[in-house]
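Peer 1: quick one: sequence and predicted model below, then my questions.
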Amino acid sequence: MGEPTYVLYGLTASNMFDLRGVVAVVTGGGTGIGLMMSSTLVANGATVYIIGPEQAALDKIANTYNQAAEKMDRDGRMYGIAGDVSRKSEALRLAEEVGKREKHVTVLFNNAGIHVGFAKPPASTTALAFREAYFDPVTEADFDNSIRTNAAGPYWLTFAFLPLLEKWKDFGGVMRQFVPQVIMTSSMNGWTKDPKTGGMSFPYLYSKSAIGHATASLAHELLPLGIRVNGIAPGLFVTEMTAPGTMDAVGQSHLPPEKTFPFEIPTSQSSERGMQTEIGGTNRDMGSLVLFLVSNWFVNGETVLIDGGTLLKHPSSY
């Protein structure tokens, strides 16, 4: 046990992030940031259940990555279960469906979200212009659907999956390497003071603010169960939400050359294609954060901001 070789062996990335035996559930796991999460988990050996609205679409993306994992001789696999994450009754049904197939769940990613109810900058500095910009185009349904999907849904799902998360205590060996956890996808826009960073959607900003605070509150409440709750607050990642209609056959979205955003992202990275730079975060950026949170025992009640420094340039309360 005191041998330095043993110490080094335990600290290698291949051992720390070996997710064989991990069972994960990722809402919205078939597209966008959710797919970045689920594909990372599969690549490192986990069994992953992706939840979304359409079974056929889930099956298609799961088959694509399962075939790739087989070719690479990797243990990880992905399975789709269709469901509406905004509904209380669906949360119980989804937990029951997973429970029919698995004895426990290691980590629940409450990731699914919608982005609707867009306003526009006022045409002038008058109260009437502000009402026309922020009030008229936004519907009650925009707020209802945003809060139900982005904030209330994670609440229902968290408690519906608690019995499966608690069952980690029944296992030993590699399955006890990871503490059960709920991971919330909030957004940098839960803390922004500049609505431009959230696409001028106040329903989205409100809902992400709610889930950001709920992460710490739920972590406190679940301490007696030994189930952690942490969060991820992404900035700009290129997905169907930020670049609609650009998703390819493997679920990756691509930013059109003419696409711009009305806020600054200080950090960019060089593309493998030469001098071109990539705008926003990548699946590797998100994947490395996912691996950190799943494998680390000692982080609880925290939300990690991953925004390329955007909120260093824009006023926020983070």
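Peer 2: That came through fine.

Peer 1: any weak-confidence spans in the stretch 1-150 of the chain?
Peer 2: Filtered on pLDDT under 70, the stretch 1-150 of the chain yields the residue ranges 1-2.

Peer 1: hang on, isn't Ser86 packed against Ala151?
Peer 2: No: in this structure Ser86 lies outside contact range of Ala151 using CB atoms under 8 Å: 9.6 Å. No exception for glycine: its C-beta is placed from N, CA and C like everyone else's.

Peer 1: looks to me like Val304 is in a strand.
Peer 2: Yes: the assignment for Val304 is a strand, going by DSSP: H, G, I helix; E, B strand; the rest coil.

Peer 1: dump the residue contacts of it.
Peer 2: By CB atoms under 8 Å, 6 or more residues apart in numbering, the residues touching Val304 are 230-233, 289, 293.

Peer 1: the same query, at a cut-off of 6 Å, please.
Peer 2: Ile232 (CB atoms under 6 Å, 6 or more residues apart in numbering).

Peer 1: now the strands for the protein?
Peer 2: For the chain, the strands defined by DSSP state E cover 23-27, 47-52, 77-82, 107-110, 181-185, 228-234, 269-270, 277-278, 303-306.

Peer 1: looking at those, which is closest to Lys259?
Peer 2: Among the strands of the chain, the nearest to Lys259 by CB to CB is strand 277-278 (12.5 Å).

Peer 1: which parts of the stretch 51-200 of the chain are helices?
Peer 2: 55-71, 88-101, 127-134, 140-147, 153-160, 162-166 (DSSP state H, counting those that start in this stretch).

Peer 1: can you say which of the strands of the chain is nearest to Thr246?
Peer 2: Closest among the strands of the chain, using CB to CB: strand 277-278, at 13.9 Å.

Peer 1: any idea of the mean pLDDT for the closest one?
Peer 2: Across strand 277-278, the average pLDDT comes to 64.

Peer 1: what of stretch 205-217?
Peer 2: On average, the pLDDT along stretch 205-217 is 96.

Peer 1: start the count at 6, not 1, going forward
Peer 2: Fine by me, first position is 6 from now on; the one you just mentioned is stretch 210-222.

Peer 1: list the buried residues for it?
Peer 2: Across stretch 210-222, burial judged by 16 or more other CB atoms under 10 Å covers 210-217, 219-221.

Peer 1: closest one of those to Gln186?
Peer 2: For the buried residues of stretch 210-222, the nearest to Gln186 is Thr220 (11.3 Å; CB to CB).
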